[in-house]
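Trainee: Predicted model follows, preceded by the sequence.
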Amino acid sequence: MSIIFNNQTRVLVQGITGREGQARTRLMKESGVSVLAGVTPGRGGEEVLGIPVFDTVKEAAEAVGPLDISVVFVPAPLVKNAAMEAFAAGVKLAVLVPDRVPLYDVLAIARAARRTGARFTGPNTLGILSPGVGVLGMIGGSAESVSRWFRPGPVGVTSRSGGLTTSTAYYLNQAGIGLSTMVHVGGDSLVGLPHPEVVKLFQEDPQTRIIVLLGEIGGTQEEEVARLILSGKVTKPLVAYIGGKGAREGTQFSHAGAIIEGSRGTHAGKVALLREAGAVVVDEITGIPGAVQKILSKQEAYDG
C-alpha cells in the first residue's frame, strides 16, 4: 500500500496555471491522482485540464471540500507563503517541488507545519510515487513511463537524489522487482520528511518487505536510519547505496544538502554505521537489484 496517499486522497495544485504546474498536473491526473482544484492568485474562475482554479486555497477548499495534499509549483521565493496558506486551510501534507527555497523559509514552513499538525516533503523534491495509485509531483515524467517502469511490489525506496530515484526504479523493474512507494525526500540540507521518517513509515507498511535507501554525503539522515535499526525500531531488511565516495571535506556533491563538514556526513562514516546496523550497503547503484533479490529469495524460502 502507499505510505503517503491513496486513491481517495484529495489533491490541490498550487501554481497550476504555470507551464510546470500544467504539465505535472496532467501527469498526476493521468496517473490516477484525484486533483480536485488548483490555485493561482488572480486566475480564479479559470480551468486547467478541466480542474477549477481559485485565487486562494481557502476558496478552493470551500468550493470542492477538504483537501488533503497540496503539490506546490511556484517560484522559490513564494513557496513559504504557499505552504503556510495551505496549512492554514487544513491541508495536512505539502509537496514542495521547487529548489533554491531559502533556508529560513524552510524553517518557517517547518514551524507552521508543527503548529497545524501538518507535514511537508522537500523542498527540491521530485515527489512521491506509488505504482497503481499515482504520482504526487513529477516522478516518471509521463503517465506512460510510470505504467511502464514502475510496477507494484514489495520494495520501498527513500532517496535524496532525483536521478537515483528514477534509475533505481528502472534497474529494479529490469530485474522484475516491483515497488510499494518511492519517496524523493529532497536534495536540500533541511527537508520536511527525511530518510528516518520515511523509513519508519515503511516499517509500518504491510506491503513493504524491503527498504532501499539512496543516500549521499552530508547531513546525518543515513546515520539516524542506522540508529533506528540498532535500537530495534526498524526491523525490515535495508539495502543502501551512498553517493559521493570520492568527495573530500568542503566538497559539495550534487545537492545543497550533500556537503562534508569535518568528519560529519562522510561517505565512510555512513557506510560503516549502516553496515554495523546490519544493512546491506552496495558499492554501485546497479548492485541494488541483486541485493534485493537475495533478500527476497531468503524471505520466500523462509515463508515456504
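Mentor: That came through, no problem. Model, not experiment: these values are computed from the prediction.

Trainee: Tell me where the model's unsure across the stretch 51-200 of the chain.
Mentor: By pLDDT under 70, the stretch 51-200 of the chain has no low-scoring segment.

Trainee: And the strands in it, which stretches?
Mentor: Secondary structure of the stretch 51-200 of the chain (DSSP state E, counting those that start in this stretch): strands located at 51-54, 69-72, 93-96, 119-121, 127-130, 134-137, 152-159, 179-184.

Trainee: who wins for proximity to V239 among those strands?
Mentor: Comparing the strands of the stretch 51-200 of the chain by their distance to V239 (Cβ to Cβ), the top pick is strand 152-159, with 8.6 Å. C-betas here are computed from N, CA, C, even on glycine.

Trainee: now what about the closest one, what contacts it?
Mentor: Residues external to strand 152-159 that are found in contact with it (Cβ atoms under 8 Å, 6 or more residues apart in numbering): 3, 131-132, 165, 168-169, 172, 177-185, 195, 198-199, 202, 205, 207-214, 292, 296.

Trainee: So what touches stretch 82-90?
Mentor: Residues outside stretch 82-90 that contact it (Cβ under 8 Å, 6+ apart) are 12, 14-15, 56-58, 60-61, 66-67, 70, 72, 74, 94, 96, 108-109, 112-113, 115-116, 118, 120.

Trainee: Give the ranges of residues in the stretch 201-304 of the chain that sit below the confidence cut-off.
Mentor: Short version for the stretch 201-304 of the chain, where the test is pLDDT under 70: 247-264, 304.

Trainee: Kindly supply the ChimeraX command isolating those of the contacts of stretch 82-90 that are buried.
Mentor: A single ChimeraX command selects the buried members of the contacts of stretch 82-90 (16 or more other Cβ atoms under 10 Å):
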select :12,14,15,57,60,61,67,70,72,74,94,96,109,112,113,116,118,120
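
Trainee: Which members of the contacts of stretch 82-90 are positioned in helices?
Mentor: Residues of those located in helices (DSSP state H): V57, K58, A60, A61, A108, I109, A112, A113, R115, T116.

Trainee: got the residues you listed as CSV, with distance to G21 columns?
Mentor: Shown next, in CSV, are those (distance: Cβ to Cβ, whole Å):
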residue, distance to G21
V57, 14
K58, 19
A60, 14
A61, 18
A108, 23
I109, 19
A112, 22
A113, 22
R115, 27
T116, 24
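
Trainee: how about T56, what does it touch?
Mentor: V39, P41, G44, E85, A89.

Trainee: now the angle from the lengthiest helix in the chain to strand 152-159?
Mentor: Ranked by number of residues, the top helix in the chain under DSSP H is helix 288-303. Note on geometry: by axes from the mean of the first three to the mean of the last three Cα atoms, to 10 degrees, helix 288-303 and strand 152-159 are set 130 degrees apart in direction.

Trainee: residues in contact with helix 288-303?
Mentor: Residues outside helix 288-303 that contact it (Cβ under 8 Å, 6+ apart): 154-155, 168, 171-172, 174-175, 177, 209-210, 212, 237, 239, 241, 280, 282.

Trainee: switch the cut-off to 7 Å
Mentor: Helix 288-303 is contacted from outside by 155, 168, 171-172, 175, 177, 209-210, 212, 237, 239, 241, 280, 282, using Cβ atoms under 7 Å, 6 or more residues apart in numbering.

Trainee: In space, what's closest to N173 - neighbours in sequence excluded?
Mentor: W149 (5.2 Å; Cβ to Cβ, 6 or more residues apart in numbering).

Trainee: Oops, could you answer that again for V212 instead?
Mentor: V157 is the one closest to V212 (Cβ to Cβ, 6+ apart), at 4.6 Å.

Trainee: quick one, domains of the protein?
Mentor: If you go by automatic domain parsing, the domain ranges for the chain are 10-121, 151-303.

Trainee: how long is the longest one from one end to the other?
Mentor: So the one you mean is domain 151-303. This stretch, domain 151-303, spans 23 Å end to end (Cα to Cα, to the nearest Å).

Trainee: What is the nearest of the contacts of T56 to L103?
Mentor: Of all the contacts of T56, E85 has the smallest distance to L103: 20.1 Å, by Cβ to Cβ.

Trainee: tally of neighbours for the closest one?
Mentor: Using other Cβ atoms under 10 Å, E85 has 20 other residues around it.
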